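Visitor: sequence and predicted structure below; questions after.
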Amino acid sequence: MKEKKFKTLEEAVAYQEEISEVAKMLRKPILYILAERYHNYLGVLRDLKEKDELAFYGERRGLSGYLSNLFGDLQKKFGFKDCLAPKSLKFLTEESEGKIPIRIGEHVVPKQKYIQDVAEEAAFSGNPMSVDDLYKLLEERWWICRVTKEEDNKMNGKLVTSMGDDWDGKDWWWRYRKTKIEIPGWFKP
């Protein structure tokens, strides 16, 4: 789908604020579908581990991309747009002279450590999370923001896979603040 172009950054921001409200309405049902499918997938993997450990380890490799791939498919199906960081958003204006940088769909919270590891540990320890618990986990921590490649490169070292040693455990935008990536004012998780 071709992205809409705007005359000014202000127009682009106003549009992003408007679609952000629509996105918030679509987010809940999309995350619930994601929670249901993820719950089922973890159950299949748990059963496979008990029956055929070798097949389990082969199949588990697909687990890493499962949530992101399914979320991307649901975004396309429902026309759901994620957050665009201001630097990324400015390239939707005519002022950008057609220069569109590579933009990355960056997880605000590293998904492996703070979502998948939590859900997998529960599933494989014999105490799997319910669909509602998975939904709550996703609702709190599954946020994706489109950033420029330059901004994405600022997330290096430990910040690629964790929130960092000095994270307070509450501010999900911590990595963005720490690396000075501008946070969209209209996007409030």
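Guide: Everything's here; your move.
Visitor: are we agreed that Arg146 is in a strand?
Guide: Yes: Arg146: assigned to a strand according to DSSP: H, G, I helix; E, B strand; the rest coil.
Visitor: shouldn't it be in contact with His107?
Guide: No: using CB atoms under 8 Å, Arg146 is not in contact with His107, being 11.3 Å away. C-beta coordinates here come from the backbone N, C-alpha and C atoms, glycine included.
Visitor: following element in sequence after the lowest-mean-pLDDT helix or strand in the chain, please.
Guide: Least confident element among the helices and strands of the chain, by mean pLDDT, DSSP states H and E: helix 86-89 (a mean of 62). Toward the C-terminus, helix 86-89 is succeeded by strand 103-107 as the next helix or strand (DSSP states H and E).
Visitor: what's that following strand packed up against?
Guide: strand 144-148, helix 149-154 (3 or more CB pairs under 8 Å, 6 or more residues apart in numbering; DSSP states H and E).
Visitor: save the ones you listed as a markdown table, and put in mean neighbour count and mean pLDDT too.
Guide: Listed next are the helices and strands packed on strand 103-107 as a markdown table, based on neighbours: other CB atoms under 10 Å; pLDDT from 0 to 100:
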| stretch | mean neighbour count | mean pLDDT |
| --- | --- | --- |
| strand 144-148 | 22 | 80 |
| helix 149-154 | 16 | 84 |
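Visitor: distance check, the residue located most distally from the centre of the chain against Tyr114.
Guide: For the chain, the largest distance from the centre (CA atoms, centre = their mean) belongs to Lys51, which lies 32.3 Å off. Distance, Lys51 to Tyr114, using CB to CB, to the nearest Å: 30 Å.
Visitor: which residues does the most centrally placed residue in the chain bridge with?
Guide: For the chain, the residue nearest the mean C-alpha position is Ile144 (3.3 Å; CA atoms, centre = their mean). Beta-bridge partners for Ile144, by DSSP bridges, are His107.
Visitor: relative to Gly105, how far out is it?
Guide: Distance from Ile144 to Gly105, by CB to CB: 5 Å.
Visitor: can you get me a residue count around the residue nearest to Asp165 when sequence neighbours are not counted?
Guide: Among residues not flanking Asp165 along the chain, Lys158 sits closest, at 6.9 Å (CB to CB, 6 or more residues apart in numbering). When counting by other CB atoms under 10 Å, one arrives at 13 neighbours for Lys158.
Visitor: Lys158 touches Trp174, doesn't it?
Guide: No: here Lys158 does not reach Trp174: they are 11.8 Å apart, not a contact under CB under 8 Å.
Visitor: who touches both of the two?
Guide: Counting by CB atoms under 8 Å, 6 or more residues apart in numbering, the common neighbours of Lys158 and Trp174 are Gly164.
Visitor: helix or strand next in line after the strand or helix carrying Pro29, which one?
Guide: Using DSSP H and E, Pro29 falls within helix 9-51. Where DSSP H and E defines the elements, the next helix or strand beyond helix 9-51 is helix 53-60.
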